[in-house]
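**Student:** Structure, please.
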Amino acid sequence: MVIAGIGNEIRHDDFVGIKIVKELIGKVSAKVHLIECETVPESFMDEISEFKPSHVLLIDAAILGLKPGDVRLYDPRKILNIPAISTHSLPVRVFCDYITALTHAKIALLLIEPRDTYFGENLSGEVAAAAQRVVDVLLRVLP
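**Tutor:** Residues are numbered from 1 along each chain as shown. Down below sits the predicted model:
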């Protein structure tokens, strides 16, 4: 399995995907490959495909129209357009389609509603709490 955190460290809540991956480092087995993709997940396509995952979980902030800190899990094949924060040069749907073609892995998007994506370095309280809930769940279910 691959877990890839997507985001920008200097845009407050946009950092949540990376923050979650950082919290998992050293706490999951070698069967789980953790990647901090920052804003360019497409740069990690070779690394993901070389790991030959059965599953890929992409974690990112996305403006979904929910309350800040709300978390949703999506199947990328069933979404047409999630208005994700536009710090990524390749739309996440295109990225998911390409990874699926390369690996035949099952892919899921774990998206978290941000409060603040302006320049700055800390997560908002709601998003930090959501990140911790996600970490806690992942640590219970991952090998």
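**Student:** Output the below-cut-off pLDDT ranges for the protein.
**Tutor:** Within the chain, the ranges that satisfy pLDDT under 70 run 79-90.
**Student:** residue boundaries of the helices in it?
**Tutor:** Counting by DSSP state H, the chain has helices at residues 16-24, 45-51, 92-103, 125-141.
**Student:** Quick check: which of the ones you listed is nearest to residue 62?
**Tutor:** Closest approach to residue 62 among the helices of the chain is made by helix 92-103 (8.3 Å; Cβ to Cβ). Just so you know, the C-beta spots here come from the backbone N, C-alpha and C atoms, and that holds for glycine as well.
**Student:** by contact count, what packs against that closest one?
**Tutor:** Applying 3 or more Cβ pairs under 8 Å, 6 or more residues apart in numbering; DSSP states H and E, one finds that helix 92-103 contacts helix 45-51, strand 55-61, strand 106-112.
**Student:** quick one, what contacts the spatially most central residue of the chain?
**Tutor:** For the chain, residue 59 is the residue whose C-alpha lies nearest the centre (Cα atoms, centre = their mean; 1.3 Å). Neighbouring residues of residue 59 by Cβ atoms under 8 Å, 6 or more residues apart in numbering: 3, 4, 5, 6, 16, 17, 20, 21, 110, 111, 112, 134.
**Student:** ok, back up a step: using a markdown table, please lay out the helices and strands packed on helix 92-103 together with distance to residue 121.
**Tutor:** A markdown table is the format used below for these (distance: least, Cβ to Cβ, whole Å):
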| stretch | distance to residue 121 |
| --- | --- |
| helix 45-51 | 26 |
| strand 55-61 | 14 |
| strand 106-112 | 17 |
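**Student:** Just say which of these is most tucked in.
**Tutor:** Compared across those, strand 55-61 shows the largest average neighbour count, a mean of 24 (mean count of other Cβ atoms under 10 Å).
**Student:** distance between that one and the chain's centre?
**Tutor:** Centre-to-centre, strand 55-61 and its host chain are 3 Å apart (Cα atoms, centre = their mean, to the nearest Å).
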